[in-house]
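Chemist: give me coordinates for this.
(chains A, B, C and D)
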Protein chains: 2
Amino acid sequence: MGAEDDLTPARKTQAQKTPAQKTPSASGAPARRGRKPARAVEPDDADDAAEASDLDLTGLTSVVGYTLRRAQMAVFEDFSARFATLDLTPAQYSVLLVIADNPGRKQSEIARVLGIQRTNFVVMLDQLEKRGLAERTRSATDARSHAVFLTKAGTALLNKARKLQSAQEEDFASLLGPGGRDTLVALLRKVARID
Amino acid sequence: MGAEDDLTPARKTQAQKTPAQKTPSASGAPARRGRKPARAVEPDDADDAAEASDLDLTGLTSVVGYTLRRAQMAVFEDFSARFATLDLTPAQYSVLLVIADNPGRKQSEIARVLGIQRTNFVVMLDQLEKRGLAERTRSATDARSHAVFLTKAGTALLNKARKLQSAQEEDFASLLGPGGRDTLVALLRKVARID
DNA sequence: AAATATTGTTATGATCCATATCAATTAAAC
DNA sequence: GTTTAATTGATATGGATCATAACAATATTT
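Modeler: Numbers count the residues shown, from 1 in each chain, chains lettered A, B, ... in the order given. Below is the predicted model of the structure:
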């Protein structure tokens, strides 16, 4: 594929999309036809954006799949913003972490455990290798496979990344309460069927 | 402009690797964050992403972002399998649901509340309209905007979908325990900052 | 030795998401 | 009331992600 694509640190990372909400069009339009939200459990509302539109979202906000997707998008965005200075995507971070914890394993093993197709993992590794963060070495026992390691630079970058990541986890902890974060992770692991 | 895509209702619904686990019991060992599983002899582990390899994943399995992503992928896959007969993607289901609860609203409103760019929403609506599930009507008060409604067929399909969706939620409830599902949704809403 | 499987790789297409741009229309400024 | 700005729907386009087919080199099985 070649090309000197990477090195572009600026992904998108632009967040807020609902800054201003014009006043709901008057003209006697039927504002709401569905039923009211009638929300029961909601500790903290007192925000903007949410009430910006008076659309009824109650059909979705208690659906696991939908809240999962929205949460993932929000967390992904937050992650990207934090890691912009390191120019690391969430996927790249996960790769570095797994390599660090499992040095010398085959490409296909790293890819599989992360749920990445080994064919797509090739390009990911290419990029990390091009940036001098990871390296492939030929296995002595199997000439087909490549043993994957982190370079010194890769380890150094990963350590910086770990700190940013810890900060994010702490923010989750303070957002969700003491055991809230742990509970969330435990529930998600069950749903994802990892471990 | 834009070719006809395909009229074939049968999308792709790629190879399903996890054919809907209806048996949600599976409450085996909860949250083992220890070392390797020691792997008892059981190589016929049907599932691919299984931890057939003894790689160390502990660096990731307690990260909110990673577990979120894996959970979302798993749920998405499960959803797609369940909804294959209806030929509905999760995104399409969410659109139908919001339209049903908010009939007559503008495209841009529906899109915004779902976090979809209004430019991308155009194509989504095109497809739903082509299938006779939704329809646009010109607003009498504002010649720019289109009021969106479900057709009879759209309502009928949505009702079928709701049942499948309820079944999925029930499976989550039995997988995660009594209040587990509700707790998960509440936590995810906080993280996603919806409501 | 021949057939088969694994590993890394390339190429390709599909899907999703974001941006720039545009025409029609409405709202706001003057 | 005319000019200017904002909104709405739409098209085109590029990037990122993901899946599949095909292939060469090597290893394993028969």
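Chemist: drop to CA atoms for contacts and neighbour counts, all remaining ones
Modeler: Will do.
Chemist: how about the residues of chain A near DNA strand C?
Modeler: Contacts of chain A with DNA strand C, taken as C-alpha under 7 Å from any atom of the strand, map to A:1, A:12, A:14, A:106-109, A:118-120, A:122-123, A:144-147.
Chemist: buried residues, the longest helix anywhere in chain A. List them.
Modeler: Using DSSP state H, we find that the single longest helix of chain A is helix A:152-176. Residues A:G154, A:T155, A:L157, A:L158, A:A161, A:L164, A:Q165, A:Q168, A:E169, A:F172, A:L176 are the ones in helix A:152-176 that count as buried (16 or more other C-alpha atoms under 10 Å in any protein chain shown).
Chemist: circling back: from the residues of chain A next to DNA strand C, which are also near DNA strand D?
Modeler: Restricting the residues of chain A next to DNA strand C to those near DNA strand D by C-alpha under 7 Å from any atom of the strand leaves A:T119, A:N120, A:R144.
Chemist: okay, now the unreliable bits of chain A?
Modeler: A:1-53 (pLDDT under 70).
Chemist: show me where it has its strands.
Modeler: Along chain A, counting by DSSP state E, strands occupy A:105-106, A:134-138, A:146-150.
Chemist: deepest of those, which one?
Modeler: strand A:146-150 (a mean of 23; mean count of other C-alpha atoms under 10 Å in any protein chain shown).
Chemist: and the angle for that strand with helix A:152-176?
Modeler: 70 degrees (axes from the mean of the first three to the mean of the last three C-alpha atoms, to 10 degrees).
Chemist: now do strand A:146-150 against strand A:134-138, angle only.
Modeler: Using the same axes, to 10 degrees: strand A:146-150 against strand A:134-138 is 150 degrees.
Chemist: direction included, what does strand A:146-150 pair up with?
Modeler: Strand pairing for strand A:146-150, using DSSP bridges, gives strand A:105-106 (antiparallel), strand A:134-138 (antiparallel).
Chemist: next, the contact list for the nearest residue to A:A74 once chain neighbours are set aside, please.
Modeler: Of all residues not flanking A:A74 in the chain, B:A192 sits nearest, at 5.5 Å (C-alpha to C-alpha, 6 or more residues apart in numbering or on different chains). Residues in contact with B:A192, defined by C-alpha atoms under 8 Å, 6 or more residues apart in numbering or on different chains, are A:T67, A:R70, A:A71, A:Q72, A:M73, A:A74, A:V75.
Chemist: next: A:R118.
Modeler: Counted by C-alpha under 8 Å, 6+ apart, A:R118 has contacts A:Q107, A:S108, A:A111, A:R112.
Chemist: against A:A91, how distant is the residue nearest to A:L133 when sequence neighbours are not counted?
Modeler: Leaving aside its chain neighbours, A:L133 sits nearest to A:G154 (3.8 Å; criterion: C-alpha to C-alpha, 6+ apart). Distance, A:G154 to A:A91, by C-alpha to C-alpha, to the nearest Å: 15 Å.
Chemist: just A:R181 next, same as before
Modeler: A:R181 is 21 Å from A:A91, by C-alpha to C-alpha.
Chemist: those two: which is more packed in?
Modeler: Between A:R181 and A:A91, counted using other C-alpha atoms under 10 Å in any protein chain shown, the more crowded position is A:R181 (22 against 14).
Chemist: sorry, back to before: next, format the strands paired with strand A:146-150 as a markdown table and append distance to B:F79.
Modeler: Listed next are these as a markdown table, based on distance: least, C-alpha to C-alpha, whole Å:
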| stretch | distance to B:F79 |
| --- | --- |
| strand A:105-106 | 32 |
| strand A:134-138 | 36 |
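Chemist: give the burial count for A:L187, as a bare number.
Modeler: When neighbours are counted by other C-alpha under 10 Å, A:L187 registers 24.
Chemist: hang on, it packs against B:V185?
Modeler: No - using C-alpha atoms under 8 Å, A:L187 is not in contact with B:V185; the gap is 10.2 Å.
Chemist: and the most centrally placed residue in chain A, what is it in contact with?
Modeler: Nearest to the geometric centre of chain A sits A:F76, at 3.3 Å (C-alpha atoms, centre = their mean). By C-alpha under 8 Å, 6+ apart, A:F76 lies in contact with A:P90, B:G65.
Chemist: and for A:L164?
Modeler: A:R82, A:F83.
Chemist: I'd like the distance between it and A:L68.
Modeler: 23 Å.
Chemist: contact residues of chain A facing DNA strand D?
Modeler: Taking C-alpha under 7 Å from any atom of the strand as the criterion, the neighbours of DNA strand D within chain A are A:R11, A:K22, A:T89, A:A91, A:I116, A:Q117, A:T119, A:N120, A:T141, A:D142, A:A143, A:R144.
Chemist: 6 Å - rerun?
Modeler: Residues of chain A lying close to DNA strand D by C-alpha under 6 Å from any atom of the strand are A:K22, A:I116, A:Q117, A:T119, A:N120, A:D142, A:A143, A:R144.
Chemist: tell me the bridge partners for the nearest residue to the last one once chain neighbours are set aside.
Modeler: Nearest residue to A:R144 in three dimensions, chain neighbours excluded: A:R138, at 7.8 Å (C-alpha to C-alpha, 6+ apart). For A:R138, the beta-bridge assignment (DSSP bridges) gives partners A:H146.
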